[in-house]
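Novice: sequence and predicted model, in that order:
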Amino acid sequence: MAFLLYIFQIYLGSFYENEFRCTFTGIELQVMITVPQAIQLVEKHTIPTSNTINIPTTGSLGYVLAKDVVSPINMPPFKQSAMDGYALGSTNQTEFSLVGEIKAGDAHMPEIKEGEAIRIFTGAPVPPKAMAVVMQEKVDASGTHIKLHEPIVANANIRPMGEQIKTGDIALQKGTKITASGIGYLATLGITHVEVYKKPSVGIITTGNELVPPGQSLKPGQIYESNSSMLTAALYQSGITEVSCYKVVDEYDATRNIIESAVQKHEMILISGGISVGDYDFVGKALRELNVTEIFYKVKQKPGKPLFYATKEDKNIFALPGNPASSLSCFYIYVLPALLKYSGFSEYHLQRSKGVAQSKYIKKGQRAEFLKAICKEGKVIILDGQASSMLRSFALSNALVYLPEDITEVNPGDTLEVINLP
């Protein structure tokens, strides 16, 4: 009877949100969550920062505006010529007397009367009484006179004052990601500083006695440590530059101490390795002893099953698998969206598209998979070397193919879901 009740309890699925575990009479059963569930939980528990900083406009690329930017001037600040040509004193005739010249940047403003024309250049101020600007290609000029090839309408080729934006109008709204063109736009308005959301400080902790820095000679049993440089580069590519790296030996107290220190210093903590169930995997135990709020541990995916996600106040903690391809896959699917959401982005997932498979692939097992691939002109080539320890295929790829749990094989011509890599 007790066994039947236990099975019934499992069937009902009394899942605790933070752990996704099912318990009955002291027995604990851990349940692997799905990829969509894991993505949803990271979204739910990542809190956008309220911290802002005031920075030079020239250094604001990739930040998100924390408040509206209001234009302090009209743009253009005066009537402006849109062409190299001639400013005309009227539009009801085709022949004019040439009486002067205005270049871009000129402060003087010659008078212009009906029947008169002034040589003018792109960006130069247009005299108040000028009726239009005619392109130089549509004029015959001879000495002190010009003749139009055809009549011209009033205000032709004149940019009115404030055509682009007027004083007091919102130039860019709060929540806008600042791009190179955005910086140029703000610079044309004379705006030198902007208020933006602060990006997170990130601590990367690598574990493993077998790991040594590149440049040293390898001893028996050792391999080069690559995850810290790989994750740092991925962070830099995403616009996150406040990054610190820590190396810890496979010893419990040392692991606990370095994690505790990193949690105090950083808003986002990435731990590489030590999260599995081996005798020398101390990360999970250390995190639980530090009283983090565990959101989930293990995702039904390949690569990257032993992914641990937790929070502590407004901080996010990701314990990533140690295998490099697993670690980077988890970064793009879970860590990067959390970083961008924290930084104020409204769109924080990598762009997804559809592509047509060019070859056959058979899935082993029932987990969802992220496959390194090359996607070009809608055609998808799934690469060889998909093992979680291999980075060569990742280095050649520009996309990940996502295969949900229910897809068991891929055949040429199948439509695939593609995650475009940065």
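Specialist: Nice, thanks for sending it over. Nothing here was measured: the structure is a model prediction, and the numbers come from that model.
Novice: measure how buried the nearest residue to residue 56 once chain neighbours are set aside is and give me the count.
Specialist: The shortest distance from residue 56 to any non-neighbouring residue, by Cβ to Cβ, 6 or more residues apart in numbering, is to residue 193 (5.8 Å). The way it works is simple: take the backbone N, C-alpha and C, and place the C-beta from them, glycine included. Residue 193 has 14 neighbours, counted by other Cβ atoms under 10 Å.
Novice: what helix or strand is the closest residue to residue 374 other than its chain neighbours located in?
Specialist: Excluding the flanking residues, the one nearest residue 374 by Cβ to Cβ, 6+ apart is residue 381, at 4.7 Å. Using DSSP states H and E, residue 381 sits within strand 379-382.
Novice: which ones are touching the residue lying closest to residue 324 once chain neighbours are set aside?
Specialist: Spatial nearest neighbour of residue 324, chain neighbours left out: residue 391 (4.8 Å); criterion: Cβ to Cβ, 6+ apart. Residue 391 makes contact with 226, 230, 324-325, 328, according to Cβ atoms under 8 Å, 6 or more residues apart in numbering.
Novice: do residue 375 as well
Specialist: Residue 375 neighbours (Cβ under 8 Å, 6+ apart): 353, 355, 381, 398-399, 418, 420.
Novice: by neighbours, which of those wins?
Specialist: Neighbour max across the contacts of residue 375 (other Cβ under 10 Å) = residue 399, 25 neighbours.
Novice: next up, phi/psi of that one, please.
Specialist: phi -160, psi 160 (degrees, to the nearest 10).
Novice: please name the nearest non-neighbouring residue to it.
Specialist: Residue 399 sits nearest to residue 375 (Cβ to Cβ, 6+ apart), 4.2 Å away.
Novice: least confident secondary structure element in this protein?
Specialist: Least confident helix or strand, the chain: strand 21-24 with a mean of 38, by mean pLDDT, DSSP states H and E.
Novice: so what does the residue nearest to residue 324 look like in phi/psi?
Specialist: The phi/psi pair for residue 391 (degrees, to the nearest 10) is phi -110, psi -10.
Novice: just the pLDDT at it, thanks.
Specialist: We note a pLDDT of 95 for residue 391 in this prediction.
Novice: flag the shaky bits of this structure, pLDDT-wise.
Specialist: Regions of the chain meeting the criterion pLDDT under 70 cover residues 1-30, 278-280.
Novice: so which residues of it form helices?
Specialist: Ranges of helices within the chain are 2-12, 35-45, 180-188, 227-237, 252-265, 283-289, 324-330, 336-342, 392-396, based on DSSP state H.
Novice: burial count for the nearest residue to residue 301 once chain neighbours are set aside?
Specialist: Closest residue to residue 301 apart from its sequence neighbours, by Cβ to Cβ, 6+ apart: residue 368 at 4.8 Å. If you count neighbours by other Cβ under 10 Å, residue 368 ends up with 21.
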